[in-house]
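Peer 1: Compute the structure for the input listed below.
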Amino acid sequence: WNNKAAEITGFSSEEVLGRNLVQDFITEEYRVTVKEVLDNALQGIETSDFEFPLYTVDKRRVEVLLNATSRRNTAGKIVGVIGVGQDITERKRVEEEKARVAQELQTFIDTANAPIFGIDADGL
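Peer 2: Below you'll find the predicted structure:
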């Protein structure tokens, strides 16, 4: 639990260490899949670009993009998981807004009280 994780969530490393990450910090609807990703990494099956929500100390939802990698000792034995996450909350908000506007414009075009058409540079 590094400084960035603490900054994003509001939980200090002291508050997190020794606690069950999945049970204590992951929303109920994602607990099974997050646990599966972490368990897979413990078996050597790594996961890239896994999206899930994480809740902050003040109950805000943060969207996280996670890469889960097996942590190995010097003998190559898996001893844990390294999770590298990225806060993609703003990116997800922008994507949702773009989709909403696109749908709104499509509805406007479909229901307009005037003929609307388009052609490309070749007149097609």
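
Peer 1: what about the longest helix in the chain?
Peer 2: helix 89-111 (DSSP state H).

Peer 1: Average pLDDT for it, rounded please.
Peer 2: Per-residue pLDDT values across helix 89-111 average out to 91.

Peer 1: and if you look at stretch 39-47?
Peer 2: 96.

Peer 1: Now do the end-to-end distance for it.
Peer 2: 11 Å (C-alpha to C-alpha, to the nearest Å).

Peer 1: do the same with stretch 40-50
Peer 2: Taking C-alpha to C-alpha, the first and last residues of stretch 40-50 lie 13 Å apart.

Peer 1: Give the bridge partners for residue 67, please.
Peer 2: For residue 67, the beta-bridge partners are residue 84 (DSSP bridges).

Peer 1: so it touches residue 41, yeah?
Peer 2: No: contact criterion C-beta atoms under 8 Å: residue 67 and residue 41 do not qualify, at 9.5 Å. Bear in mind the C-beta positions are built from the backbone N, C-alpha and C, glycine included.
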